[in-house]
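Student: sequence unavailable; structure follows:
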């Protein structure tokens, strides 16, 4: 178990500004299980502070091929317990992307040339799909028996496709293949 503590003297009292614990490999001579291994563990300051950072990384610019504040190699998963902000320090949702000018979010297919965006619930993550298969197919569809509607200016039902495939323009009850 290793620790790094940066101490500062304020008003005659020594306080810890930054606390970082680096945990080395546990070694057992007779076996055993390590319940949690943390490569980096930041503790709550638990005092009045203006801003508290679990991990603060200055701008990185010296890399010749890339500068990554956080990089995970291989298939290691990442978990964020709260809201995640990209371009904002006050994310208002699980993923909040904000930028100046044009802001883009890319979902790009790899070797299979397929890119999908799936929307759903925590128990059924696949209710609505936006699907792109290379240059041969682009689809937006539901995966359950639910209608699909499109609209503008706050009216989501200007173009409505019911579960049998009938299309309504200006109606949510199309009685034939196209009902205007």
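Tutor: Cool, the structure landed. Predicted, not measured: the structure shown is a model, and the values here were computed from it.

Student: just checking, which helix or strand succeeds the worst-scoring helix or strand of the chain on mean pLDDT along the chain?
Tutor: Ranked by mean pLDDT, DSSP states H and E, the weakest helix or strand in the chain is strand 13-22, scoring a mean of 47. Sequence-wise, the next helix or strand downstream of strand 13-22 (DSSP states H and E) is strand 84-86.

Student: ok, residues contacting that following strand?
Tutor: The contact list for strand 84-86 (CB atoms under 8 Å, 6 or more residues apart in numbering) reads 91, 94, 95, 96, 97, 98. The way it works is simple: take the backbone N, C-alpha and C, and place the C-beta from them, glycine included.

Student: and it, which strands flank it?
Tutor: According to DSSP bridges, strand 84-86 forms sheet pairs with strand 95-97 (parallel).

Student: follow-up on the earlier one: most surrounded residue in the contacts of strand 84-86?
Tutor: Most neighbours among the contacts of strand 84-86, by other CB atoms under 10 Å: residue 91, with 16 neighbours.

Student: distance-wise, check that residue relative to residue 157.
Tutor: 30 Å (CB to CB, to the nearest Å).

Student: residue 115 too?
Tutor: 28 Å.

Student: ok, now residue 150?
Tutor: Taking CB to CB, one finds residue 150 at 8 Å from residue 157.

Student: give me the neighbour count for residue 127.
Tutor: 13.

Student: can you list contacts of stretch 91-106?
Tutor: With CB under 8 Å, 6+ apart, stretch 91-106 has contacts from 83, 84, 85, 86, 87, 88, 90.

Student: wait, which of these is closest to residue 130?
Tutor: residue 86 (19.7 Å; CB to CB).

Student: show me the beta-bridge partners of that closest one.
Tutor: residue 97.

Student: around it, how many other residues sit close by?
Tutor: Quick note: residue 86 (other CB under 10 Å) scores 12 neighbours.
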